[in-house]
Structures are given as C-alpha cells and as structure tokens.
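J.: coords below, sequence missing:
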C-alpha cells in the first residue's frame with residue numbers, strides 16, 4: 001500500500017487508517033511474507049516504517065508476515081503489536097499459524113494474539129474437522145502459553161460461501177502457499193469442510209465463542225479481556 005514512500009503512512013493516517021499490516025503473505029519493501037520459503041525478516045525500510053507508525057500512533061499487525069519479520073517487528077517496535085488473526089503452529093503445522101517463539105515475542109512486548117477461524121486454518125489433531133472446538137483449542141493453547149492478557153479472537157470469517165471464496169481467490173490470497181508446513185513440507189492431512197461449524201460467520205461466532213467461554217467456567221473478568229478488553233488496552237497505548 002505504501003510501496004517505498006514513508007509519507008504515505010501519514011496520508012493513510014490522515015484519512016482514518018489506524019492499523020497497518022507489514023506484509024500480506026507475499027514479501028514487499030518492508031519485509032518477508034509468510035508464503036516465502038526463505039525468510040529475510042524486516043528490511044531496513046521496514047524498520048523505518050515501524051518507527052514512523054510508532055511515531056504517529058498507528059497499530060501494527062504481523063498476522064500475514066513471516067516468522068522472522070514478526071520477531072523483528074516485535075523487537076523493534078516501541079509499542080505492543082498484534083497478530084490479529086492466527087493460531088498455534090504447535091497444534092497444526094502450517095505457515096499461516098504462528099510458532100511459539102513468535103507468540104511469546106508478541107506477548108512479551110505486551111501485544112495480543114487473535115485466534116483465526118477462516119476455513120482449514122485452526123485445525124488440530126484432536127479435532128481434524130475444523131469447528132468451534134478446534135478453534136477454541138488454539139485459543140486455550142495461546143492462553144496457557146502466554147497468559148490471558150495476550151489472547152483474543154480474530155475469527156476472520158465472512159457471510160456466504162467462505163470456502164468457495166477461498167477456492168476462487170486462492171492464488172491471490174496466497175492460501176495454497178500458507179498451508180505449507182513451517183519447515184516447507186506439505187501441510188498435514190485434514191478433513192475438508194463446507195463451513196466451520198459454530199464459527200460460520202461473524203454473527204454465529206460472536207454468540208458461540210461467548211457461550212463456549214461461559215460453559216467452560218471462564219470468569220467475567222477473563223471473558224471481558226479476551227472478548228475485546230486486551231485489544232482495547234493495546235490500542236489505548238498505541239493511539240495516544
């Protein structure tokens with residue numbers, strides 16, 4: 001979006017943009033995207049962009065960035081950053097999800113990890129058919145790894161045929177490449193679904209995530225944090 005012009009960050013800020021991703025799966029002038037087989041991390045220009053975003057008060061997202069790029073941004077940014085929609089690669093080994101090292105780095109800077117529910121992402125060995133249970137297994141893994149203050153939800157769901165949309169736009173969205181394992185091997189086998197039961201769309205997800213948390217005896221304080229409080233805490237710091 002900014003190509004190689006730092007001042008475009010401020011132009012975008014001026015028209016209302018308050019969150020910017022470093023990459024969207026493919027590499028750009030700022031850093032390496034998650035689809036790439038070689039990981040060069042954040043570039044010198046990327047460091048300047050991070051510094052400019054910090055300066056003007058724009059939040060940073062690394063959900064579609066490579067592992068090293070995410071680690072570099074977490075280290076270089078003076079503010080907490082987001083992984084707005086991802087999951088735990090330790091549970092399902094695909095590049096689209098984050099390894100423990102990245103999750104810990106983001107949380108260590110005070111950031112927040114939102115759990116992804118787009119079809120065929122947050123699957124687990126215990127729940128190989130993508131549904132609310134597999135999605136919540138990723139949430140609990142992240143919560144147990146880095147604490148309740150750094151976990152949230154970023155379902156990334158749509159109304160209509162989400163799986164069909166992925167089929168049509170797979171190449172443009174880099175979906176095939178992101179479903180390669182972290183080490184470059186083919187992704188683990190999984191059962192394809194027409195939709196993610198329980199998190200079919202934004203409406204169903206917003207109800208069923210909350211119901212799941214209540215059913216599993218989460219306190220009101222913790223529910224408030226993961227349903228938005230943690231994200232608002234970071235935005236309050238970044239947007240000052």
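T.: Everything's here; your move. Since this is a predicted model, take the numbers as computed values, not measurements. Residues are numbered from 1 along each chain as shown.
J.: Now do the same contact list for residue 238.
T.: Counting by Cβ atoms under 8 Å, 6 or more residues apart in numbering, residue 238 touches 57, 58, 59, 79, 80. Every residue, glycine included, has its C-beta placed from N, CA and C.
J.: Model confidence at the spatially closest residue to residue 148 that is not a sequence neighbour, what's the number?
T.: Once flanking residues are discounted, residue 148 sits nearest to residue 222: 5.2 Å by Cβ to Cβ, 6 or more residues apart in numbering. Looking at residue 222, its pLDDT stands at 98.
J.: And for residue 222, the neighbour number?
T.: Each residue near residue 222 was counted by other Cβ atoms under 10 Å, and the total is 16.
J.: Which of the three states applies to it?
T.: Of the three states, residue 222 takes helix under DSSP: H, G, I helix; E, B strand; the rest coil.
J.: Against residue 124, how distant is it?
T.: For residue 222, the distance to residue 124 (Cβ to Cβ, to the nearest Å) stands at 22 Å.
J.: what's the answer for residue 25, then?
T.: 23 Å.
J.: And residue 150, by the same measure?
T.: Taken as Cβ to Cβ, the span from residue 150 to residue 124 is 20 Å.
J.: Which one of the two is surrounded by more residues?
T.: Higher neighbour count among residue 150 and residue 124: residue 150, with 25 against 21, using other Cβ under 10 Å.
J.: Can you give me the neighbour number for the closest residue in space to that one that isn't next to it in sequence?
T.: Counting by Cβ to Cβ, 6+ apart, residue 107 is the residue found nearest to residue 150 once chain neighbours are left out, at 3.8 Å. Neighbour count for residue 107, taken as other Cβ under 10 Å: 21.
J.: which element is residue 107 on?
T.: According to DSSP states H and E, residue 107 maps onto helix 100-108.
J.: What are the buried residues along that helix?
T.: 102, 103, 104, 105, 106, 107 (16 or more other Cβ atoms under 10 Å).
J.: can you check stretch 204-221 too?
T.: Buried residues in stretch 204-221 (16+ other Cβ under 10 Å): 204, 205, 208, 209, 212, 213, 218.
J.: I'd like those laid out as a markdown table, including distance to residue 159.
T.: Putting the buried residues of stretch 204-221 into a markdown table (distance: Cβ to Cβ, whole Å) gives the following:
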| residue | distance to residue 159 |
| --- | --- |
| 204 | 10 |
| 205 | 11 |
| 208 | 15 |
| 209 | 17 |
| 212 | 21 |
| 213 | 23 |
| 218 | 27 |
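J.: Just give me the closest of these to residue 195.
T.: Closest approach to residue 195 among the buried residues of stretch 204-221 (Cβ to Cβ): residue 204, at 9.5 Å.
J.: how close does the closest residue to the closest one other than its chain neighbours sit to residue 38?
T.: Spatial nearest neighbour of residue 204, excluding adjacent residues (Cβ to Cβ, 6+ apart): residue 198 at 6.8 Å. Separation of residue 198 from residue 38 (Cβ to Cβ): 37 Å.
J.: Neighbour count for these two, which is higher?
T.: The neighbour count for residue 198 versus residue 38, taken as other Cβ under 10 Å, is higher for residue 198 (20 against 9).
J.: quick one: pLDDT of the residue lying closest to residue 93 once chain neighbours are set aside?
T.: Nearest in space to residue 93, with sequence neighbours left out and distances taken as Cβ to Cβ, 6+ apart, is residue 181 at 4.4 Å. On pLDDT, residue 181 comes in at 73.
J.: ok, how many other residues are close to residue 181?
T.: 14.
J.: so what's it up against?
T.: 93, 94, 95, 187, 188.
J.: Confidence-wise, which of those comes last?
T.: residue 187 (75).
J.: Next one: that one relative to residue 177, how far apart?
T.: 10 Å.
J.: The most centrally placed residue in the chain - nearest residue in space that isn't next to it in sequence?
T.: Central residue of the chain (Cα atoms, centre = their mean): residue 85, 2.7 Å from the mean position. Ranked by Cβ to Cβ, 6+ apart and with sequence neighbours excluded, the top spatial neighbour of residue 85 is residue 154, at 3.5 Å.
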